[in-house]
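A.B. asks: whatever this is, show me its structure:
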Amino acid sequence: MKILCVSDYVDPLIYNQNVKSAFSDIDLILCAGDLPMDYVDFIVTVFNKPTYFVFGNHNLEELGFYHNLITKDSKSHCRPDVSMNHTHGAAYLGFKALTVNSLKINDPVTNKESPLLIAGASGSLKYNKGLCQYSDFEMRRKLFHLIPRLIYNKLKYGRYLDIFMTHASPRHIHDKEDPCHKGFDCYNWFLKKFKPALMVHGHIHLYDMREERIGKYYDTTVLNAYAHYIIDFPLGE
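C.D. replies: Alright, predicted model coming up:
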């Protein structure tokens with residue numbers, strides 16, 4: 001399958017009426033944060049393919065539709081509330097692990113066909129009092145809530161996860177040293193433990209498109225989705 005990954009920048013190569021003919025073979029779209037929701041809505045409308053998104057640390061006008069926003073002692077927090085339902089035709093993947101039954105992959109070990117397994121996390125490392133920012137401890141605690149579903153995946157499908165989508169990057173993989181753009185150490189732990197084949201993130205702008213955007217951490221290929229990138233999955237197809 002071909003996956004269109006986007007983040008952080010409204011790319012004119014995507015945001016135009018001819019994009020469907022230019023990218024006619026897309027099967028799945030992953031939106032890795034810091035994108036206006038009308039851009040996500042456009043992508044869903046034009047491609048009419050399964051689309052998943054997470055929030056970053058900007059473009060948070062609609063965050064309240066997916067999270068309760070609680071302010072206490074001058075600190076802002078996001079708390080998932082599954083009772084809230086607001087959609088642009090895309091599925092919110094923040095702090096969730098989902099099975100995409102409409103997309104099948106062949107297991108390279110058993111050669112059996114099974115659904116695509118994906119999970120995601122919103123936000124960036126905490127650097128001021130803004131919304132959707134977390135300490136590494138807070139993010140690790142949120143990832144712990146995914147573990148029961150990942151164990152279920154392992155028992156049923158023989159693997160924990162295929163794709164992990166976030167906004168921020170893992171620590172020391174594509175990240176920067178300024179407080180805003182440091183990656184999460186807990187993402188490194190998550191990749192090592194649950195071994196998704198692919199991690200897609202945003203947050204790190206590529207001002208020079210020759211900069212590295214594809215890295216490797218243990219068994220996981222780590223992709224920076226800035227602007228747009230198309231990748232074949234399973235990897236190596």
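A.B. asks: CA atoms for contacts and neighbours, from now on please.
C.D. replies: OK.
A.B. asks: pretty sure residue 175 contacts residue 181?
C.D. replies: Yes: contact criterion CA atoms under 8 Å: residue 175 and residue 181 qualify, at 5.9 Å.
A.B. asks: list residues touching both of these two?
C.D. replies: residue 204 (CA atoms under 8 Å, 6 or more residues apart in numbering).
A.B. asks: ok, then the element right after the worst-scoring helix or strand of the chain on mean pLDDT?
C.D. replies: The helix or strand of the chain with the lowest confidence, counting by mean pLDDT, DSSP states H and E, is strand 75-80 at a mean of 46. Per DSSP states H and E, the first helix or strand lying C-terminal to strand 75-80 is strand 91-92.
A.B. asks: show me what secondary structure element comes after that next one.
C.D. replies: Toward the C-terminal end, the helix or strand that comes next after strand 91-92 (DSSP H and E) is strand 96-106.
A.B. asks: pull out the buried residues from that next one.
C.D. replies: Neighbour-count burial for strand 96-106 flags 96-99, 105 (criterion: 16 or more other CA atoms under 10 Å).
A.B. asks: partner strands of it, with direction?
C.D. replies: Note on strand 96-106: by DSSP bridges, its sheet partners are strand 113-121 (antiparallel).
A.B. asks: could you pull up the mean pLDDT of the partner strand?
C.D. replies: Averaging pLDDT along strand 113-121 gives 96.
A.B. asks: elements contacting whatever helix or strand comes next after it?
C.D. replies: Downstream of strand 113-121, the first helix or strand assigned by DSSP H and E is strand 124-125. Counting contacts by 3 or more CA pairs under 8 Å, 6 or more residues apart in numbering; DSSP states H and E, strand 124-125 is packed against strand 133-134.
A.B. asks: now the strand it packs on: average pLDDT?
C.D. replies: Per-residue pLDDT values over strand 133-134 give a mean of 96.
A.B. asks: what angle do the helix or strand just after that strand and strand 96-106 make?
C.D. replies: Once the chain leaves strand 133-134, the next helix or strand it forms, by DSSP H and E, is helix 136-144. When axes from the mean of the first three to the mean of the last three CA atoms, to 10 degrees is applied, the directions of helix 136-144 and strand 96-106 differ by 60 degrees.
A.B. asks: wait, residue 15 sits on residue 39?
C.D. replies: Yes: the criterion here is CA under 8 Å, and residue 15 meets it with residue 39 at 7.4 Å.
A.B. asks: the two: which is more packed in?
C.D. replies: Ranked by neighbour count (other CA atoms under 10 Å), residue 15 and residue 39 place residue 39 first, with 17 against 14.
A.B. asks: need the three-state assignment for residue 21.
C.D. replies: Under the three-state scheme (DSSP: H, G, I helix; E, B strand; the rest coil), residue 21 adopts helix.
A.B. asks: and the gap between it and residue 13?
C.D. replies: Residue 21 sits 12 Å away from residue 13, going by CA to CA, to the nearest Å.
A.B. asks: these two: who's more crowded?
C.D. replies: Neighbours per residue (other CA under 10 Å) separate residue 21 from residue 13, with residue 13 holding more: 12 against 9.
A.B. asks: let's verify that one: helix, strand, or coil?
C.D. replies: Strictly by three-state DSSP, residue 13 counts as coil.
A.B. asks: show me what contacts it?
C.D. replies: Residue 13 touches residue 19, counting by CA under 8 Å, 6+ apart.
A.B. asks: report pLDDT for it.
C.D. replies: So residue 13 comes in at 94 (pLDDT).
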